[in-house]
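S.K.: model the structure of this input:
(2 chains)
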There are 2 protein chains.
Amino acid sequence: IEASEVERLQRLVEDFHESELGDLLEALEPDQRPRLIELLGASFDFAALTEVDEAVREEILEELETATVAEGVRELDSDDAVTILESMREEEQAEVLDQLPAIERVALQRSLDYPEDSAGRRMQTEFIAVPPFWTVGQTIDFMRETDDLPETFYEIFVIDPAAHLLGSVPLDRLLRSKRPVTIQDVMNAEPDRVEATEHQEEVARLFERYNLVSSAVVDDAGRLVGVILVDDIVDVLEEEADADIKQLGGVKSDEELSDTILYIQRSRFPWLFANMCTAFLAAGVIRLFSDSLERMVALAILMPIVASMGGNAGTQTMTVAVRALATRELGRANAWRIIRREAAVGLLNGLVFAIILGTLAGLWFQSPQLGFVIGLALVTVLVFAALGGIFVPLTLNRFGVDPAVSSGPFVTSITDIVGFFAFLGIATAWFHL
Amino acid sequence: IEASEVERLQRLVEDFHESELGDLLEALEPDQRPRLIELLGASFDFAALTEVDEAVREEILEELETATVAEGVRELDSDDAVTILESMREEEQAEVLDQLPAIERVALQRSLDYPEDSAGRRMQTEFIAVPPFWTVGQTIDFMRETDDLPETFYEIFVIDPAAHLLGSVPLDRLLRSKRPVTIQDVMNAEPDRVEATEHQEEVARLFERYNLVSSAVVDDAGRLVGVILVDDIVDVLEEEADADIKQLGGVKSDEELSDTILYIQRSRFPWLFANMCTAFLAAGVIRLFSDSLERMVALAILMPIVASMGGNAGTQTMTVAVRALATRELGRANAWRIIRREAAVGLLNGLVFAIILGTLAGLWFQSPQLGFVIGLALVTVLVFAALGGIFVPLTLNRFGVDPAVSSGPFVTSITDIVGFFAFLGIATAWFHL
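M.R.: Modelled structure (predicted):
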């Protein structure tokens, strides 16, 4: 199909939704992607580029002529255009901007001037704003007569001559009002608004909390500069959840399926390295008990069980704590309650598993005393695991470090060290090794 | 404040958004919650109950009179009402339904008849549907004159006399069209639709993919039965991400901060139990090499390092695989490519860490040979960890088991067993122990 059968391709792609076109791009071999876009020419919808992985997007944009990109970007809503421009190198970005009409260039440049991942980057600069003294009828007529309306909108905004945001009118309320009523009388005088510099995660929490579909974006003087729509927020929420999941698993938040082997190898290295260091610490603890191990090899056989139970219990608590911190469910108000609860759960599960594991180990090595020792060690470890699982994320969070990224190595090193120390220490004391 | 100062409370709560009222409820002591609701009477917005944790909701509803609940539920959109009814015991649910007017009762009963977590449960049965031959003007007038419109809506639906869905008109398009145009001419003839029995996660993927804000819900005969709005979908996406994160960390997906100690202890038990079983397996592997361990205690000291490196590398790969499966990014089409890539990453990191770890261990025990042995074992483990990390989730997924729930114990048992076996086995052979 890549044999330049342009017309057949164009017909094929015609009915595609932008996300289907994006999937098609990802399914192609890397060198065929820019080729497809060039073949399709004007019938390629650049919005498809916002639907592919960032690595793929960067690669494609690298290959395309800036004139092609400028042409494609012109057709897009400003938020999509910004997503594409973000993925280009600075010189190329400037080249593309130079080829755009002045109005669009200024709007895009302003969005790009806001910090990465801020509301200003995600907003759409196309919106409808009317003065408060217009009537509902005037407003509807205005919308009927204006060609250049945003592609989708769910509310119109009300501004004063200096563009300060005064209010908003949801479309359904506009439709339900009689024509002679003034906008002032139907508008929501305290519209939902976010600062352009606010981080997109904060904006997403707001949308989630108040069930919004769109929100005005204002600059620091309260002037309306754009609008954020819920479909972008859905993407932000997904990205955020994705990042948390990956970071908890020791993977960089931006790792994508389309990344190269070398990139992934390097991105996973730090976590494994951190783990190696803590593992050496734990091995150092074991070494303290070399003599005991030589005298009683059963200890060497059983000690990984104690450590792994601790590691898993710690991970359970940590997962809950990290997630609750991310969704703002865990804060100062309830931290102590949750700490007490986790400690109680740790103690309870410690006692339950002490009995099970102690019995099994005692039977296996036909030594009830060994069973008692491992049981005692297990209670100790599970309580420490619970405390570590909650204190580590809370402390990291307090110091402004993202607990999802760095809690894991801390928690497992605590549980390993406590696990080996408790088990081998109690055994050495008990058996006078 | 709980001293029955009803008026002050009512004034306080008046301007609260439902989610703020929900937060207030959660912050109160459990026995004060139903009391607050009874004190507030008609000024309590039952929508707040949809914003609290399920455990809290169940507890509150347990305490309230069914008459109070029936009164509160009447005011709500049907999707919120269903969320509340879902949390009640069946007899009480029936009592509440009995106290509702017939129309609402039937609508709610129909929603409740759909399976849990289906589109039918999340949909709102309030929507606007018009015949195709109406004009835009007629439709707008109809909306102006009808009092009982849904609280929010973003599109109106077009149906035939038998209620079959024919099309949809987004509000912005309605506003942009001239009054004499017929609905037929402006409607989208292939509206987004979901089956009422479809799982909410599938619906959420659809919203995400096509950037929807609302979608028609149809029964199996294609008749319009409701509408799903994006704010519910945002909640579904959050729930789903939450469930994945918790399950990967070995915690039940429905565990909430408000659960009791006993509930949490029991819910975390199975994962720890599964982990204990696999740890015993690994201990069994170590026992095979008892003689070697007795002769060379350094092996006992170093073996946890090998196992923990394997466990962490396996978790990295597994996290990426589970997440990619959940977001449908990983499928048959690219599975082999990802498997090859993960194996390559494992081999590469295995070689890198073999050199680092081998050198450090060799220096520590002043035995280059021991360094070589641990290095060789590490390469083996990291390759197996990569393969296990991807094959386990893929296989579980193939057999219809949720990979997020059960991959963890499988992967770590593979890495532990391979780790101990490789390290102790290679050492025994090399040193003729």
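
S.K.: ok, for whichever residue of the stretch 51-200 of chain A sits closest to chain B, nearest residue in space, not its chain neighbours?
M.R.: The stretch 51-200 of chain A approaches chain B most closely through A:Leu171 (4.2 Å), counting by CB to the nearest CB. Glycine gets a C-beta too; all of them are placed from N, C-alpha and C. In space, and not counting its chain neighbours, A:Leu171 is closest to B:Leu171: 4.2 Å by CB to CB, 6 or more residues apart in numbering or on different chains.

S.K.: can you name the next helix or strand after the helix or strand of chain A at the bottom of the mean pLDDT ranking?
M.R.: When the helices and strands of chain A are scored by mean pLDDT, DSSP states H and E, helix A:6-14 comes last with a mean of 74. Counting by DSSP states H and E, the next helix or strand C-terminal to helix A:6-14 is helix A:18-27.

S.K.: buried ones in that following helix, by neighbour count?
M.R.: Burial within helix A:18-27, assessed by neighbour count using 16 or more other CB atoms under 10 Å in any protein chain shown, is assigned to A:18-19, A:21-26.

S.K.: and chain B, which of those residues reach it?
M.R.: Residues of the buried residues of helix A:18-27 in contact with chain B (CB under 8 Å from any CB of the partner chain): A:Ser19.

S.K.: chain B: which of the buried residues of helix A:18-27 is nearest?
M.R.: A:Ser19 (4.9 Å).

S.K.: before we move on, back to that, now do the residue nearest to A:Leu171 against B:Arg33, distance only.
M.R.: 38 Å (CB to CB, to the nearest Å).

S.K.: cool, and A:Ile356?
M.R.: Note on A:Ile356: its distance to B:Arg33, by CB to CB, is 38 Å.

S.K.: next: A:Ala404.
M.R.: Relative to B:Arg33, A:Ala404 is positioned 31 Å away (criterion: CB to CB).

S.K.: and the helix or strand harbouring A:Thr317 with helix B:297-326, angle?
M.R.: Secondary structure assignment for A:Thr317, by DSSP H and E: helix A:297-326. Helix A:297-326 and helix B:297-326 are oriented at 30 degrees to each other (axes from the mean of the first three to the mean of the last three CA atoms, to 10 degrees).

S.K.: is it fair to say A:Leu330 lies in a strand?
M.R.: No: per DSSP: H, G, I helix; E, B strand; the rest coil, A:Leu330 lies outside any strand segment and is coil.

S.K.: which ones are touching the closest residue to it other than its chain neighbours?
M.R.: Leaving out its chain neighbours, the residue that sits closest to A:Leu330 by CB to CB, 6+ apart is A:Ala324, at 3.6 Å. Contacts for A:Ala324 (CB atoms under 8 Å, 6 or more residues apart in numbering or on different chains) come out as A:330, A:338, B:257.

S.K.: that older thread, so what's the residue nearest to A:Leu171 up against?
M.R.: A:154, A:171-172, A:175, B:153-156.

S.K.: measure it to B:Lys178 for me?
M.R.: For B:Leu171, the distance to B:Lys178 - CB to CB - is 16 Å.

S.K.: how near is the most centrally placed residue in chain A to B:Asp141?
M.R.: Closest residue to the average C-alpha location of chain A: A:Glu240 at 1.4 Å, with CA atoms, centre = their mean. Per CB to CB, A:Glu240 is found 44 Å from B:Asp141.

S.K.: also A:Arg209?
M.R.: Using CB to CB, one gets 36 Å for the distance from A:Arg209 to B:Asp141.

S.K.: now A:Leu175
M.R.: 10 Å.

S.K.: these two: who's more crowded?
M.R.: Remark: of A:Leu175 and B:Asp141, A:Leu175 carries more neighbours, 22 against 15, as counted by other CB atoms under 10 Å in any protein chain shown.

S.K.: skipping its backbone neighbours, what lies nearest the more buried one in space?
M.R.: B:Met143 is the one closest to A:Leu175 (CB to CB, 6+ apart), at 5.1 Å.

S.K.: these two touch, right, the one you found and A:Ser177?
M.R.: No: applying CB atoms under 8 Å, one finds B:Met143 not in contact with A:Ser177, separated by 9.7 Å.

S.K.: between the two, what contacts are shared?
M.R.: With CB under 8 Å, 6+ apart, B:Met143 and A:Ser177 have no common neighbours.

S.K.: report how many residues lie close to the residue nearest to A:Leu175.
M.R.: 19.

S.K.: so which strand or helix has it?
M.R.: Under the criterion of DSSP H and E, B:Met143 resides in helix B:136-145.

S.K.: each with direction, which strands does the helix or strand just after that helix pair with?
M.R.: Using DSSP H and E, the helix or strand that directly follows helix B:136-145 along the chain is strand B:155-159. With DSSP bridges as the test, strand B:155-159 is paired with strand B:129-130 (parallel), strand B:165-170 (antiparallel).

S.K.: number of residues surrounding the residue lying closest to A:His17 once chain neighbours are set aside?
M.R.: Nearest residue to A:His17 in three dimensions, chain neighbours excluded: B:Tyr210, at 6.0 Å (CB to CB, 6+ apart). B:Tyr210 has 14 neighbouring residues, counting by other CB under 10 Å.

S.K.: A:Glu62 now?
M.R.: Quick note: A:Glu62 (other CB under 10 Å) scores 12 neighbours.

S.K.: helices of the stretch 251-400 of chain A, start to end?
M.R.: A:261-288, A:290-295, A:297-326, A:332-364, A:368-398 (DSSP state H, counting those that start in this stretch).

S.K.: which helices and strands does the second one pack with?
M.R.: Looking back up the chat, that one is helix A:290-295. Applying 3 or more CB pairs under 8 Å, 6 or more residues apart in numbering or on different chains; DSSP states H and E, one finds that helix A:290-295 makes contact with helix A:297-326, helix A:403-430, helix B:297-326.

S.K.: how about the ones you listed in a markdown table, adding mean pLDDT?
M.R.: Below are the helices and strands packed on helix A:290-295 laid out as a markdown table (pLDDT from 0 to 100):
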| stretch | mean pLDDT |
| --- | --- |
| helix A:297-326 | 90 |
| helix A:403-430 | 89 |
| helix B:297-326 | 90 |
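
S.K.: can those helices go into a markdown table with extra columns for distance to A:Met123?
M.R.: Shown next, in a markdown table, are the helices and strands packed on helix A:290-295 (distance: least, CB to CB, whole Å):
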| stretch | distance to A:Met123 |
| --- | --- |
| helix A:297-326 | 24 |
| helix A:403-430 | 26 |
| helix B:297-326 | 28 |
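
S.K.: neighbour count winner among A:Ile356 and B:Arg33?
M.R.: Between A:Ile356 and B:Arg33, counting by other CB under 10 Å, B:Arg33 is the more crowded of the two (22 against 14).

S.K.: sorry, back to before: quick check: which of the strands paired with strand B:155-159 is buried the most?
M.R.: Among these, ranked by average contacts under mean count of other CB atoms under 10 Å in any protein chain shown, first place goes to strand B:165-170 (a mean of 21).

S.K.: between it and helix B:136-145, how big is the angle?
M.R.: 80 degrees.

S.K.: up against chain B, what does the stretch 51-200 of chain A have?
M.R.: Within the stretch 51-200 of chain A, the positions lying close to chain B (CB under 8 Å from any CB) are A:140, A:143-144, A:149, A:152-154, A:170-172, A:174-178.
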